[in-house]
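Colleague: need coordinates for the below:
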Amino acid sequence: MLQNTENRLSTAFQKQNEKIEYFCSAENVSPNLAVHEIRKSFKRLRALLKFFSDYTEDFPTQYKIQIQDFGHFLSPVRESFINLQIFERITTGEILIPERKVKEVKDILAAKNKFLIEEKFLKEKNCLTFQENCKDLDSY
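Modeller: Purely as a prediction, here's the structure:
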């Protein structure tokens, strides 16, 4: 039973790591979707570590912290995209605000999202760090 649980845990870890590596290197996926999927994978890794806490005693604390930090690192990028989507949803239809003002705010939100994607996600160093972290995790 113990061996079966450990195998399931390592398989789940490996699957999430493969997703992270894929979305870091995928060029045919929008950056916002890639950020969403990578962040979701880091959240799942954290949940696995909490759920299987009895089996992850040997798991280094530094990796637990790193997994948490990567998820938090990508949060502002995801939030900026969600804010843009919510704003677009709210402003469709009949509104009392002039179109020019709506367009200005939408442009500001889009520019912020673009900046965050370029600075926090698309920089080669960040994706390489995610991928290196996943390769290190595969050894556990």
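Colleague: may I see the buried residues of the helix ranked longest in the chain?
Modeller: Longest among the helix segments of the chain by residue count, using DSSP state H, is helix 61-91. Judged by neighbour count using 16 or more other C-beta atoms under 10 Å, the buried positions of helix 61-91 are 63, 66-67, 70-71, 73-74, 77-78, 80-81, 84, 87. Backbone N, C-alpha and C define where each C-beta goes, glycine included.
Colleague: reformat those as TSV; add distance to Leu48 and pLDDT.
Modeller: Below are these laid out as TSV (distance: C-beta to C-beta, whole Å; pLDDT from 0 to 100):
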residue	distance to Leu48	pLDDT
Tyr63	12	78
Gln66	14	81
Ile67	10	81
Phe70	14	82
Gly71	13	82
Phe73	19	85
Leu74	18	87
Val77	23	90
Arg78	20	91
Ser80	27	93
Phe81	25	93
Leu84	31	92
Phe87	34	90
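Colleague: poorly predicted segments of the chain, please.
Modeller: The model of the chain has pLDDT under 70 over residues 1-3, 54-58, 124-140.
Colleague: where along it do the helices fall?
Modeller: For the chain, helices defined by DSSP H occupy the ranges 2-25, 31-51, 61-91, 99-116, 124-138.
Colleague: out of these, which one sits most buried?
Modeller: Stretch with highest mean neighbour count among these: helix 31-51 (a mean of 18; mean count of other C-beta atoms under 10 Å).
Colleague: send the alpha carbons of that one over as CSV?
Modeller: Presented in CSV, the C-alpha positions along helix 31-51 are these (Å, rounded to 0.1, in the frame of the first residue of the first chain):
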residue,chain,number,x,y,z
PRO,A,31,1.2,33.6,-22.9
ASN,A,32,-1.8,34.2,-20.7
LEU,A,33,-2.9,30.6,-21.1
ALA,A,34,0.6,29.4,-20.5
VAL,A,35,0.8,31.4,-17.3
HIS,A,36,-2.6,30.1,-16.2
GLU,A,37,-1.6,26.5,-16.8
ILE,A,38,1.9,26.8,-15.2
ARG,A,39,0.4,28.5,-12.1
LYS,A,40,-2.3,25.9,-11.8
SER,A,41,0.4,23.2,-12.0
PHE,A,42,2.4,24.8,-9.2
LYS,A,43,-0.7,25.0,-7.1
ARG,A,44,-1.4,21.3,-7.7
LEU,A,45,2.2,20.5,-6.7
ARG,A,46,1.7,22.4,-3.4
ALA,A,47,-1.6,20.6,-2.8
LEU,A,48,0.0,17.2,-3.4
LEU,A,49,2.7,18.0,-0.9
LYS,A,50,0.1,19.0,1.7
PHE,A,51,-2.2,16.0,0.9
